[in-house]
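# next comes the sequence, and after it the predicted model I'd like to discuss.
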Amino acid sequence: MRQLYYIRRGKLEWRESPDYTIQNPDQAIVKSIVAGRCDLDYYIALGATPFQAPFAIGHESMGEVVEVGANVKRVKVGDRVVVPFHISCGHCHNCKRGIVAFCNSVPHGATYGIKDFGDFGGSVSDLLLIPYADSMLHIIPESVSSIAAVACSDNL
């Protein structure tokens, strides 16, 4: 699969990476359909952040579920979903309180598109690995366009 990497100030490049595979029964794989550009992505590309290159960029995305682990019950293959940028388990104390940015099950600040907080890949990729599919993925109603839905990923 292809992933867009931040290499250094002003330099991005496409890199080939192995396709993700399900390693845990709570995971899902999502084919990226639309990736949005956040203001933070702009500053990353300018080299105006302290984040250490290289890493796959992007944290606003929506896509289609292409594979699910055995424990995943809420989403299924073929669902159009929004992928929130924060990685969160949905079961720890903070997640149950709705403070998913401070999930106790992953490194503090864990997110797509910034390797400093855990290497979860970036949304400007062919595929995304979703570690906690049932708690992270949000199904998009058919009446909502993919373009409109992607904007929700940075707000969920």
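Right, received. Where do you want to start?
# shaky segments in the protein?
Applying pLDDT under 70 to the chain flags the ranges 155-156.
# kindly recompute the last result at 90.
35-42, 52, 59-60, 85-86, 101, 108-109, 114-121, 147-156 (pLDDT under 90).
# quick one: the strands in it?
For the chain, strands defined by DSSP state E occupy the ranges 2-8, 11-16, 28-36, 55-56, 60-68, 80-83, 127-130, 138-139.
# of those, which is nearest residue 117?
Set against residue 117 and scored by CB to CB, the strands of the chain come closest in strand 55-56, at 10.2 Å. The way it works is simple: take the backbone N, C-alpha and C, and place the C-beta from them, glycine included.
# who does that closest one pair up with?
Sheet partners assigned to strand 55-56 using DSSP bridges are listed as strand 2-8 (antiparallel).
# wait, isn't residue 95 in contact with residue 88?
Yes. Counting by CB atoms under 8 Å, residue 95 sits close enough to residue 88 to count as a contact (5.2 Å).
# more neighbours: these two, which one.
residue 88 (25 against 21; other CB atoms under 10 Å).
# quick one: the residue nearest the centre of the chain and residue 92, what's the gap?
Taking CA atoms, centre = their mean, the centroid of the chain lies closest to residue 112, which sits 4.4 Å from it. From residue 112 across to residue 92, the span is 19 Å (CB to CB, to the nearest Å).
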